[in-house]
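Turn this into a structure:
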Amino acid sequence: MKKTSIIVLVYAVFAFAICLLISFLMKNLPVLLPGEEKSYIISRAFLFFCRFLPSLVFSAFLIGCAIAYGKNAEKARIKYSPLIMSHFRRMMISSIVIVFIVSLLIEVFVPYFEQRQAKARIKPVLFAEFMSLSHEYFDKGQMNLAFEYSYNALLLNPKDKDALYINEHSGAELNSLKMVLDRPEEPKFVFTPIKETQGETITSLLKKAKEAAEKENWFDAHYYAYLAVEVGSEKDLNLDDANRLASEAWNHLFDPTVIKETDEQILFRKKREAYKTFISGDNIEAYYQFLEIAAFSDVAARDPDVSKFLEIARERVENQCFFVEEVENLRRFEAYNNIYFAVPHDDGSKDIVYIRGITPVKNSGRTIQYVRGFTLFTYSKEGRFQRSIFVPYAKMLSEKASMFDSSAKAAFGIKEEFKNVPYLMLESISKNDRSERISPVYEYDADYVKKNEPFLSNYFVLGLPMKDFNLLCDTTAGSLKMNLIALIKFLPKTRQYGYSYEVYNSDFIHRISYPLVMLICCIFMACMAWNYRLKNSQLFKFKWIFLMPAITFILYFVLECGLYICRMLNYALVVMLGAGAVYVSLSVLVLIFIIVCFNFVSRTAD
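Reported below is the predicted structural model:
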């Protein structure tokens, strides 16, 4: 079968060269960014080539086998002769290799190049959107957002003069207003807001508070005494001491006799006001106040109280919302676009979710997903609108379901069997400018509000497991292009999330049976080749050079019609048999495979 392999390879290379030439000559390119034309043309040529690849391979395989079978064909005088069995073994090896290569190209490379094309087409749309927003915020004087969107625009088109202008001017404006904190090199306290008391007891915290009081460090004294009160219970013997010390430290902090308007006392007064905000639980305002104090002077920036409580406030803020500057570090393109699904609830209501784009980013070993254009609609069991939520950007984390209490689980539809759930931070602020704050927009039906208290929060939890959300992201490629393993996992959940089980299952059957269908076609081509084999005295038929393209196009239409009929039959089987359709379909194909194999080995020279 060496000649057959050479013929198939040469014909495939020649066909790809023709596809590449046609793609270069075609002028109907979509709107692309500068420098994307050649890449798009090559991708288009490859996809055009893969579209005809099965028929190209089968026509070349037919001619190659017809040439190979002409030699000593007269020895095949009986069925299952040694000659025909030898041809069968070689033909099967060649067919399996061909089917493997074709399936690999169809399943792996075609989706990759289609994704490249889709990204190339969406680049101008994203660029126009980013430029429109950068102009809007630049005109409004919101330089942080103007810089952010112009930065994203430059990632798409680095040489655009308009984007460069806005980026340079907004960046210069930000640099002139930027608060630079010159932190001391000495070791800093590192706190995590939810775990500020982790590993601590009321005794250990009270000891720290007393040590700080002895040094007249009343900020630390009150802070640790305050935490001791929070950790302790009514049964703790040290609770009274903690309350007394917290009160004493507070009185020292707010003793009016110590207020003197020297630079040192101005700093003390500002720290005291910021600390009061910090203790009240207004973490965002406390963060900005300590940030402003740090920018007050070099002495203030090095002040241990300022450094410490600024760090604590920052980490508390990061657990409450996210900074708009974080989106500056997004990857060049979003990994997923146009994600939509339904989340059913036990009361019969449904959340309809639409997300315009998702960008996963690795951060300290954890994957953070930045969600663009998050929209959620809730409908009752009867189909009545209840509420909607919209936010231009959200930050999604995978959080353990066990961290939520029973009321939160009931509100968001978190079930006990869920391990991790998608947790979305809906509010974002600027690192340096308190005026820049992006909050979610809520809308409620008037009748719904009369019966239920409206939910207005800066976070939201989707009532589904995180692994299911990842599967829903994979569905953006479509049932024919998404990862096959992901498709298998998603099949039992299609109806739950608002997708058609029949469509996804029929496409699943089509994909797993495709290699077997191609193998059957190869054997059928070999059977035809035996009928049209060359005579011993012939080396080649010149007319085949002109017939091969015609055979290719005929086979293309025959294959397309055949595969379409197979998909329709698969769909009908799924409707009638459900999950059992895959076994029936594969059984029928295996039977056809056995029949064509016996048909080939029973060939004789007559």
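
only C-alpha atoms for contact and neighbour calcs from this point on.
OK.

element containing residue 515, please.
helix 501-531 (DSSP states H and E).

tell me the mean pLDDT over that helix?
Confidence over helix 501-531, taken as the mean pLDDT, stands at 94.

for stretch 163-180, same thing?
The predicted model gives stretch 163-180 an average pLDDT of 76.

Okay, buried residues for it please.
Of all the residues in stretch 163-180, those buried under the rule 16 or more other CA atoms under 10 Å are 163, 164, 166, 167, 170, 171, 174, 179.

Now, the residues you listed that are in helices?
163, 164, 166, 167, 170, 171, 174 (DSSP state H).

Please name the residues that touch residue 271.
Going by CA atoms under 8 Å, 6 or more residues apart in numbering, residue 271 touches 290, 293, 305, 306.

Can you tell me the element it falls in?
helix 263-280.

counting contacts, what elements does the helix or strand just after that helix pack onto?
Next in sequence after helix 263-280, counting helices and strands by DSSP H and E, comes helix 283-294. Using 3 or more CA pairs under 8 Å, 6 or more residues apart in numbering; DSSP states H and E as the contact criterion, the elements in contact with helix 283-294 are helix 263-280, helix 298-302, helix 304-318.

just how off-centre is helix 283-294 within its chain?
From the chain centre to the centre of helix 283-294 is a distance of 34 Å (CA atoms, centre = their mean, to the nearest Å).

got it, and stretch 123-130?
Using CA atoms, centre = their mean, the distance between the centre of stretch 123-130 and that of its chain works out at 19 Å.

got the CA coordinates for it in CSV?
Provided in CSV are the C-alpha atoms of stretch 123-130 (Å, rounded to 0.1, in the frame of the first residue of the first chain):
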residue,chain,number,x,y,z
LYS,A,123,-11.2,41.8,17.7
PRO,A,124,-12.5,44.9,15.8
VAL,A,125,-15.8,44.7,17.8
LEU,A,126,-13.9,44.6,21.1
PHE,A,127,-11.5,47.3,19.9
ALA,A,128,-14.4,49.6,18.9
GLU,A,129,-16.1,49.0,22.3
PHE,A,130,-12.9,49.6,24.3
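
Which residues does it contact?
In this structure, residues lying in contact with stretch 123-130 by CA under 8 Å, 6+ apart are 31, 32, 33, 149, 150, 152, 153, 156, 157.

Between those, which sits nearest residue 367?
Taking CA to CA as the measure, residue 152 is the one of these closest to residue 367, at 20.6 Å.

Where does that closest one sit: helix, strand or coil?
Reduced to three states with DSSP: H, G, I helix; E, B strand; the rest coil, the structure at residue 152 is helix.

Can you get me a residue count around residue 295?
The burial count assigned to residue 295 is 17, neighbours taken as other CA atoms under 10 Å.

you'd agree it is up against residue 303?
No. The pair residue 295 and residue 303 does not pass the contact test of CA atoms under 8 Å, sitting 11.2 Å apart.

low-scoring stretches of the stretch 201-350 of the chain, by residue?
Where the stretch 201-350 of the chain drops to pLDDT under 70, the residues are 233-237, 253-262, 328-333.

can you pull out the strands in the stretch 301-450 of the chain?
322-323, 336-344, 350-363, 366-379, 385-400, 420-425, 428-429, 437-438, 441-444 (DSSP state E, counting those that start in this stretch).

out of these, which comes closest to residue 91?
The closest of the strands of the stretch 301-450 of the chain to residue 91 is strand 336-344. By CA to CA, the value is 42.3 Å.

Using PDB, list the CA coordinates for that closest one.
Coordinates of the C-alpha atoms in strand 336-344 are reproduced here as PDB (Å, rounded to 0.1, in the frame of the first residue of the first chain):
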ATOM      1  CA  TYR A 336     -15.200  32.300  26.600                       C
ATOM      2  CA  ASN A 337     -17.900  34.500  25.000                       C
ATOM      3  CA  ASN A 338     -21.700  34.500  25.100                       C
ATOM      4  CA  ILE A 339     -22.300  32.100  27.900                       C
ATOM      5  CA  TYR A 340     -26.000  31.600  28.700                       C
ATOM      6  CA  PHE A 341     -27.900  29.100  30.900                       C
ATOM      7  CA  ALA A 342     -30.800  28.700  33.300                       C
ATOM      8  CA  VAL A 343     -30.500  27.800  37.000                       C
ATOM      9  CA  PRO A 344     -33.600  26.200  38.300                       C
END
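
That one to strand 366-379, inter-axis angle?
Our comparison of strand 336-344 with strand 366-379, counting by axes from the mean of the first three to the mean of the last three CA atoms, to 10 degrees, yields an angle of 50 degrees.

Please identify the buried residues of strand 336-344?
Taking 16+ other CA under 10 Å as the neighbour-count basis, strand 336-344 is seen to contain the buried residues 336, 337, 339, 340, 341, 342, 343, 344.

partners of that strand in the sheet?
Looking at strand 336-344 with DSSP bridges, its partner strands are strand 350-363 (antiparallel).

Give me the contact list for the partner strand.
Around strand 350-363, the neighbours that count as contacts under CA under 8 Å, 6+ apart are 330-331, 333-345, 367-381.

and after the longest helix anywhere in the chain, which helix or strand comes next?
Using DSSP H to define each element, the chain has its longest helix at helix 544-577. Toward the C-terminus, helix 544-577 is succeeded by helix 581-601 as the next helix or strand (DSSP H and E).

any idea how far that following helix is from the chain center?
Taking mean C-alpha positions (CA atoms, centre = their mean), helix 581-601 and its chain are 39 Å apart.

Now do that helix: everything it contacts.
Residues from elsewhere that reach helix 581-601 (CA under 8 Å, 6+ apart): 79-81, 84-85, 88, 509, 513, 516-517, 519-520, 523-524, 526-527, 570, 573-574.

7 Å - rerun?
Residues from elsewhere that reach helix 581-601 (CA atoms under 7 Å, 6 or more residues apart in numbering): 79-80, 84-85, 88, 509, 513, 520, 523-524, 527, 573-574.

what does stretch 214-225 give?
Contacts made with stretch 214-225 from outside it, assessed by CA under 7 Å, 6+ apart, are listed as 205-206, 208-210, 212-213, 242-243, 245-246, 249-250, 252-253.

how far does that stretch sit from the chain's center?
Computed by CA atoms, centre = their mean, the chain-centroid distance of stretch 214-225 equals 47 Å.

buried ones in it?
By neighbour count, with 16+ other CA under 10 Å as the criterion, the buried positions of stretch 214-225 are 217, 218, 219, 220, 221, 222, 223, 224, 225.

do stretch 559-577 as well
Here stretch 559-577 shows 559, 566, 567, 570, 571, 573, 574, 575 as buried, counting by 16+ other CA under 10 Å.

My read is that the third one contacts residue 510, right?
Spelled out, that is residue 567. Yes. Because the distance of 6.3 Å satisfies CA atoms under 7 Å, residue 567 is recorded as touching residue 510.

and residue 36, how many residues sit next to it?
As a burial measure, residue 36 scores 14 neighbours (other CA under 10 Å).

Give me the distance between residue 129 and residue 299.
When distance is defined by CA to CA, to the nearest Å, residue 129 is 44 Å away from residue 299.

got it, and residue 573?
As defined by CA to CA, residue 573 lies at a distance of 78 Å from residue 299.

Which residue is the nearest non-sequential neighbour of residue 143?
residue 170 (5.1 Å; CA to CA, 6 or more residues apart in numbering).

tell me the angle the helix or strand encompassing residue 246 makes with helix 263-280.
Residue 246 is located in helix 239-253, with elements delineated by DSSP H and E. Direction vectors for helix 239-253 and helix 263-280, defined by the same axes, to 10 degrees, enclose an angle of 140 degrees.

how about residue 376, what does it touch?
Neighbouring residues of residue 376 by CA under 7 Å, 6+ apart: 351, 352, 353, 354, 388, 389, 390.

picking up where we left off before, can you redo the buried residues of strand 336-344 as CSV with distance to residue 457?
Rendered in CSV, the data for the buried residues of strand 336-344 read as follows (distance: CA to CA, whole Å):
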residue, distance to residue 457
336, 26
337, 26
339, 23
340, 22
341, 22
342, 21
343, 19
344, 21
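
what bridges to residue 425?
Listed by DSSP bridges, the beta-bridge partners for residue 425 are residue 395, residue 459.
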